[in-house]
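Novice: any chance you could fold what I've pasted below:
(chains A and B)
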Amino acid sequence: MVEFSYNLYLLLSAILFTIGAVGVITRRNGIIVFMCIELMLNAANLAFISATGIHKGLEGMIFVFFVMTVAAAEAAVGLAIFVMIFRLRGTISVDQMNLLKG
Amino acid sequence: MVPIVFKWIVFLVASLLAIFSAIMMVTRRNPVHSALWLVVTFISLAVLYFLLNATFIAISQIIVYAGAIMMLFLFVIMLIHLEKGPEELKVLGASKIFAIVLTVLLFVEIAVGVYYYRVTTFKPGPMPLGDAKTVGFLLYTNYLFPFEIASILLLVGIVGAVMLAKRRKE
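Specialist: Residues are numbered from 1 along each chain as shown, chains lettered A, B, ... in the order given. Sure, this is the predicted structure:
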């Protein structure tokens, strides 16, 4: 049995990132699009952690910590924006978000 | 030391579960089901972090992502009665096919990059242990300034969320 190759983790990260990208492009529900973005952030986190294993430094974990902080702030503000849009328009379908259109 | 076979089994189970639940998350129509499948993805990613010796990150993944952020998502979904969800496009239109082709191209690009990725500075040896002590020591010494900036970012996030969600007096 061979020792792990960290490329397997990078490949898994690529697969998860692609699934998230498919979701962002094809889904119309705003909240599901948001969840797909969270999935893409997690795929990037997995790549950072496997880079920690490759370079044997702990900087990747620090990066993941900051990505988690940004994701938490983003989720709070983004969901508040969705609540606002729902109050204003009665829907959160991303096709109908044309408020800025003149 | 953990035997290598056990490591392989844990890796295969966790990664296949992560991929399966991510696909389920993207394809479900009900947003509540999507959110719960996303929790499964986050927890299997936490298992992979444990496998990579990143214990602090794994625990914060469970607490922050699977706990706090997904609770917020479920709360908002139920707050604005989204269980049914807006009508999705049922037909596989040209734009959807174009999108899928585009993302498959993206995946092939990343996979080729991973396949030809050869690190010149690869150091053999075990993965460094990223427990709370070592990561916290780094956070409070070398990365103190970014850590403080992160706290200010969270404060701004709290204030912004409250200001946005507050009902305006008309």
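Novice: only C-alpha atoms from now on, for both contacts and neighbour counts.
Specialist: Noted.
Novice: tell me which element the nearest residue to B:R28 once chain neighbours are set aside is part of?
Specialist: Excluding the flanking residues, the one nearest B:R28 by C-alpha to C-alpha, 6 or more residues apart in numbering or on different chains is B:S34, at 5.8 Å. Using DSSP states H and E, B:S34 sits within helix B:31-51.
Novice: next SSE downstream of that helix?
Specialist: Using DSSP H and E, the first helix or strand after helix B:31-51 is helix B:55-60.
Novice: one step back: the residue nearest to B:R28 and B:V40: what is the separation?
Specialist: Going from B:S34 to B:V40 by C-alpha to C-alpha, to the nearest Å gives 10 Å.
Novice: elements contacting the helix holding B:S34?
Specialist: With contacts defined as 3 or more C-alpha pairs under 8 Å, 6 or more residues apart in numbering or on different chains; DSSP states H and E, helix B:31-51 has these neighbours: helix A:30-55, helix B:4-27, helix B:55-60, helix B:70-79.
Novice: B:M70 contacts B:H33, doesn't it?
Specialist: No. Under the criterion of C-alpha atoms under 8 Å, B:M70 makes no contact with B:H33, lying 11.8 Å away.
Novice: neighbour count for those two, which is higher?
Specialist: More neighbours surround B:M70 than the other of B:M70 and B:H33, with 20 against 16 (other C-alpha atoms under 10 Å in any protein chain shown).
Novice: does any part of the longest helix along chain A sit near chain B?
Specialist: The longest helix of chain A (DSSP state H) is helix A:59-89. Yes. Under the criterion of C-alpha under 8 Å from any C-alpha of the partner chain, chain B is reached by helix A:59-89 at A:61-62, A:64-66, A:68-70, A:72-77, A:79-81, A:83-84, A:86.
Novice: can you give me the neighbour number for B:L102?
Specialist: 15.
Novice: can you check B:L79 too?
Specialist: Neighbour count for B:L79, taken as other C-alpha under 10 Å: 11.
Novice: now it: how far from A:R89?
Specialist: 15 Å.
Novice: and A:V22, by the same measure?
Specialist: Taking C-alpha to C-alpha, one finds A:V22 at 26 Å from A:R89.
Novice: show me what contacts the residue nearest the centre of chain B?
Specialist: What sits nearest the mean C-alpha location of chain B, by C-alpha atoms, centre = their mean, is B:F42, with 5.7 Å. Going by C-alpha atoms under 8 Å, 6 or more residues apart in numbering or on different chains, B:F42 touches A:N42, B:A18, B:Q61, B:I62, B:Y65, B:A66.
Novice: let's have these in CSV, adding pLDDT and distance to B:T55.
Specialist: As requested, the contacts of B:F42 are exported to CSV (pLDDT from 0 to 100; distance: C-alpha to C-alpha, whole Å):
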residue, pLDDT, distance to B:T55
A:N42, 95, 16
B:A18, 95, 18
B:Q61, 93, 10
B:I62, 94, 11
B:Y65, 90, 15
B:A66, 90, 16
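Novice: turn those residues into JSON lines, including distance to B:E148 and neighbour count.
Specialist: Shown next, in JSON lines, are the contacts of B:F42 (distance: C-alpha to C-alpha, whole Å; neighbours: other C-alpha atoms under 10 Å in any protein chain shown):
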{"residue": "A:N42", "distance to B:E148": "23", "neighbour count": "25"}
{"residue": "B:A18", "distance to B:E148": "33", "neighbour count": "25"}
{"residue": "B:Q61", "distance to B:E148": "20", "neighbour count": "23"}
{"residue": "B:I62", "distance to B:E148": "23", "neighbour count": "18"}
{"residue": "B:Y65", "distance to B:E148": "21", "neighbour count": "23"}
{"residue": "B:A66", "distance to B:E148": "24", "neighbour count": "20"}
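Novice: which one of the residues you listed is nearest B:R168?
Specialist: Among these, B:Y65 lies closest to B:R168 (C-alpha to C-alpha), at 30.5 Å.
Novice: what's the next secondary structure element after the helix-or-strand element of chain B with minimal mean pLDDT?
Specialist: Lowest on mean pLDDT, DSSP states H and E among the helices and strands of chain B sits helix B:94-115, with a mean of 85. Counting by DSSP H and E, the element after helix B:94-115 in chain order, helix or strand, is helix B:132-140.
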